[in-house]
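> below are the sequence and a predicted model for it; my questions follow.
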Amino acid sequence: MADQTIYIAGHRGLAGSALLRCYAQRPGWRILTRTHAELELRDPVAVRAFFQQERPTHVILAAARVGGIKANASSQVEFLLDNLRIQNNVIEAAADFGVAKLLFLGSSCVYPKHAPQPLREDALLTSPLEPTNEGYALAKICGLKLCAYYRRQQGRNFISAMPTNLYGPHDNFDLEKSHVLPALLRKFHEAKVSRAPAVKLWGTGNPRREFLHVDDFAAACATLMERYESDQLINVGVGEDVTIRELAELIRGIVGYAGDIIWDTALPDGTPRKLLDVSRIHALGWQARIPLAAGIRSTYDWFLAHSAKP
């Protein structure tokens, strides 16, 4: 164990920061990190030089260009190219420099828009994707397939996990780029501070989404690094979902906003439902532990301490 070195790519992001907290509490690990300024993952020469010098034994690839519906829909080229470059460089270098195990983090958006619910791992590539984030999803599909091919063709111990919607400390609360839960937290908080009479939200509020606290996800990743051996992707989620309307009401109550909610039905909903079948990871002995309301309260506390405008 003392000789094991884990490189957490993307350690400042939502998932990566949780992985950093998780592995910092686990004995016997030397943890490697690099900021974007220190290592440009889109540069293959820089990535290979890093792997040659540091020789990590384990890698978790959490680095990615991410965003919500608006960012994805308006920047398909960037989401496809940047993510292909990042993951290709890291995965190839991991193979060439003898990494003992690599975990690639995908996204539940890799599944078809109208796949049967809950989403099983074998639903991949069975029908069209959600158009608004197709570029990002295609890049992630390429990453998980690349890991599978390395495993089958070269015997590399590379695995892929598909997380559901993650939230928690170090989330992105920028309204132009964030996902739905942090965006709602910020919108309701700012409406409360400004005493706005109403908050306008996208769509109908009817889509259903599943939300996993990022500390639960980090624990799941550690379990997969220890116990999962397969070229098949594996889902990581809660196994329960809520409507966006229910989520908005829950967050409004936690923030303490007393105004109205107006649903702008002229704006898109995105995928109608995304609930993961988590039976495979439950069989490994892992399941989510942090209830949604408690997780949102702690995330709001973190937001108030780190991101809220004074």
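Thanks, I have it. Numbering: from 1, shown residues only.
> for this protein, which spans come out with low pLDDT?
In the prediction, the chain carries residues with pLDDT under 70 at positions 1-2, 67-69, 71, 309-310.
> run the last query once more with 50
Within the chain, the ranges that satisfy pLDDT under 50 run 1.
> ranges for the strands of it?
4-9, 29-32, 58-61, 101-105, 158-163, 165-167, 198-202, 208-209, 211-213, 234-236, 242-243, 260-264, 273-274 (DSSP state E).
> right, and these - which one's nearest Ser127?
For the strands of the chain, distance to Ser127 was read as C-beta to C-beta. The smallest value, 14.3 Å, belongs to strand 273-274. C-betas here are computed from N, CA, C, even on glycine.
> direction included, what does the closest one pair up with?
If you go by DSSP bridges, strand 273-274 pairs up with strand 208-209 (parallel).
> for burial, what's the neighbour tally of the nearest residue to His170 once chain neighbours are set aside?
Once flanking residues are discounted, His170 sits nearest to Ser17: 4.2 Å by C-beta to C-beta, 6 or more residues apart in numbering. Neighbourhood size, Ser17 [other C-beta atoms under 10 Å]: 22.
> one more: Val238?
22.
> that one: what's it in contact with?
Each residue near Val238 by C-beta atoms under 8 Å, 6 or more residues apart in numbering is listed here: 164, 210-212, 278, 288, 292.
> now tabulate those residues in JSON lines and tack on distance to Ala100.
JSON lines is the format used below for the contacts of Val238 (distance: C-beta to C-beta, whole Å):
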{"residue": "Thr164", "distance to Ala100": "28"}
{"residue": "Glu210", "distance to Ala100": "32"}
{"residue": "Phe211", "distance to Ala100": "32"}
{"residue": "Leu212", "distance to Ala100": "27"}
{"residue": "Val278", "distance to Ala100": "26"}
{"residue": "Ala288", "distance to Ala100": "28"}
{"residue": "Leu292", "distance to Ala100": "36"}
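> from those residues, list just the buried residues.
164, 210-212, 278, 288, 292 (16 or more other C-beta atoms under 10 Å).
> returning to what we had before: I'd like the strands of the chain laid out as JSON lines, including distance to Leu284.
Below are the strands of the chain laid out as JSON lines (distance: least, C-beta to C-beta, whole Å):
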{"stretch": "strand 4-9", "distance to Leu284": "19"}
{"stretch": "strand 29-32", "distance to Leu284": "20"}
{"stretch": "strand 58-61", "distance to Leu284": "17"}
{"stretch": "strand 101-105", "distance to Leu284": "13"}
{"stretch": "strand 158-163", "distance to Leu284": "11"}
{"stretch": "strand 165-167", "distance to Leu284": "19"}
{"stretch": "strand 198-202", "distance to Leu284": "36"}
{"stretch": "strand 208-209", "distance to Leu284": "24"}
{"stretch": "strand 211-213", "distance to Leu284": "16"}
{"stretch": "strand 234-236", "distance to Leu284": "8"}
{"stretch": "strand 242-243", "distance to Leu284": "25"}
{"stretch": "strand 260-264", "distance to Leu284": "39"}
{"stretch": "strand 273-274", "distance to Leu284": "22"}
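> which one among the contacts of Val238 gets closest to Gly253?
Nearest member of the contacts of Val238 to Gly253, counting by C-beta to C-beta, is Leu292, at 12.2 Å.
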